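>>> Structural data only, the sequence is not supplied:
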Ligand SMILES: [Zn+2]
């Protein structure tokens, strides 16, 4: 499978000279499976560029289909939704998977940001493509082509967020953004969901020092990301969802500190990288 980062920032887009290398768009990751299936994880402002890339192929002709996995509906994970070009091409088909208690509720949440007060299109039903809303069911399993996808609720401040484990093509990808673990760290269930991943994309919003000042935000520090990777014995860790005020230099420093921490914990075998807009990894 091929994994591409289109937006790696948390909370709000942060364009400017200090963020050109890692990028300023908010959360969006695409996955292309070997059988051609396309999955988009989260729909932050990075989704706009992903949409443009898809329009060059079958999605520009109205014969594309894809699955969208939403971790939750905070702005930095849905603001690209109204600007995702393939949604406007009649004939394209999308299944939007999210964590609301029912598909109707998920639909209402997404529909609210399309309301006339916020956006001229007024309803996603006016966008053109066929969008089917699907709240994850009790067993939290979703099938996309040959891929087995498991959704897992993690704590995120006063609310919850879904982590996704995607198993396909003999590889495992885990996406775990916007997670604020309890003091005791990730639960055993959470560690099991991450376990053995070939790539763990993990929330790394803050340095440990900044995190201590902002516990209530329900987000992860570098320590949390490293700890989860070590406990779950993953092969590769991609830091993700950086604070909007962190420069490229700050993110470089997060990666360096993360490398040191992994070495100190006897986990030299875990590769660490800073997710960057435009980066593609082949698993
Ligand atoms: Zn976020």
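Nice, thanks for sending it over. No experiment lies behind these values; they were computed from the predicted model shown.

>>> all helices for the stretch 151-283 of the chain, in order.
Here the stretch 151-283 of the chain has its helices, by DSSP state H, counting those that start in this stretch, at 188-194, 208-213, 222-231, 248-264.

>>> tell me which parts of the chain are close to the ion?
Counting by C-beta under 5 Å from the ion, the residues of the chain close to the ion are 10, 76, 178. From N, CA and C alone the C-beta is placed, and that goes for glycine too.

>>> Need the helices of the stretch 151-283 of the chain in JSON lines (columns: mean neighbour count).
Formatted as JSON lines, these follow (neighbours: other C-beta atoms under 10 Å):
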{"stretch": "helix 188-194", "mean neighbour count": "16"}
{"stretch": "helix 208-213", "mean neighbour count": "13"}
{"stretch": "helix 222-231", "mean neighbour count": "22"}
{"stretch": "helix 248-264", "mean neighbour count": "16"}
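
>>> Now render these as JSON lines, adding mean pLDDT.
As requested, the helices of the stretch 151-283 of the chain are arranged in JSON lines below (pLDDT from 0 to 100):
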{"stretch": "helix 188-194", "mean pLDDT": "98"}
{"stretch": "helix 208-213", "mean pLDDT": "97"}
{"stretch": "helix 222-231", "mean pLDDT": "98"}
{"stretch": "helix 248-264", "mean pLDDT": "98"}
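
>>> which parts of the helix or strand of the chain with the lowest mean pLDDT are buried?
Between all helices and strands in the chain, the lowest mean by mean pLDDT, DSSP states H and E belongs to helix 103-112, at a mean of 88. For helix 103-112, the buried set under the neighbour-count rule, 16 or more other C-beta atoms under 10 Å, comprises 103, 106-107, 109-110.

>>> mind putting these in TSV, distance to residue 83 included?
Conversion of the buried residues of helix 103-112 to TSV gives the following (distance: C-beta to C-beta, whole Å):
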residue	distance to residue 83
103	23
106	19
107	19
109	17
110	13
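
>>> which residue ranges form the strands in the stretch 1-150 of the chain?
Taking DSSP state E, counting those that start in this stretch as the criterion, the stretch 1-150 of the chain carries its strands at 2-7, 28-32, 38-41, 65-69, 93-98, 130-135, 141-144, 147-156.

>>> between the helices of the stretch 151-283 of the chain, which one is nearest to residue 71?
helix 188-194 (13.1 Å; C-beta to C-beta).

>>> Show me how far that closest one is from its chain's centre.
Centroid separation between helix 188-194 and its chain, computed with C-alpha atoms, centre = their mean, to the nearest Å, is 17 Å.

>>> Who are the packing partners of it?
Here helix 188-194 touches strand 147-156, strand 159-168, strand 171-176, helix 222-231, going by 3 or more C-beta pairs under 8 Å, 6 or more residues apart in numbering; DSSP states H and E.

>>> Check these for me and report the most buried one.
Most buried of the helices and strands packed on helix 188-194 by mean neighbour count (mean count of other C-beta atoms under 10 Å) is strand 171-176; its value is a mean of 24.

>>> mind checking how far residue 80 is from the ion?
For residue 80, the distance to the ion equals 12 Å [C-beta to the ion, to the nearest Å].

>>> what residues are up against the closest residue to residue 124 other than its chain neighbours?
Distance criterion C-beta to C-beta, 6 or more residues apart in numbering; nearest residue to residue 124, sequence neighbours excluded, is residue 114 at 5.3 Å. Residue 114 makes contacts with 81-82, 121-124, as judged by C-beta atoms under 8 Å, 6 or more residues apart in numbering.

>>> of all those, which two lie farthest apart?
Spatial extent of the contacts of residue 114 (C-beta to C-beta) is set by the pair 81 and 122 at 13.7 Å.

>>> quick one, what contacts residue 195?
With C-beta under 8 Å, 6+ apart, residue 195 has these contacts: 232-234.
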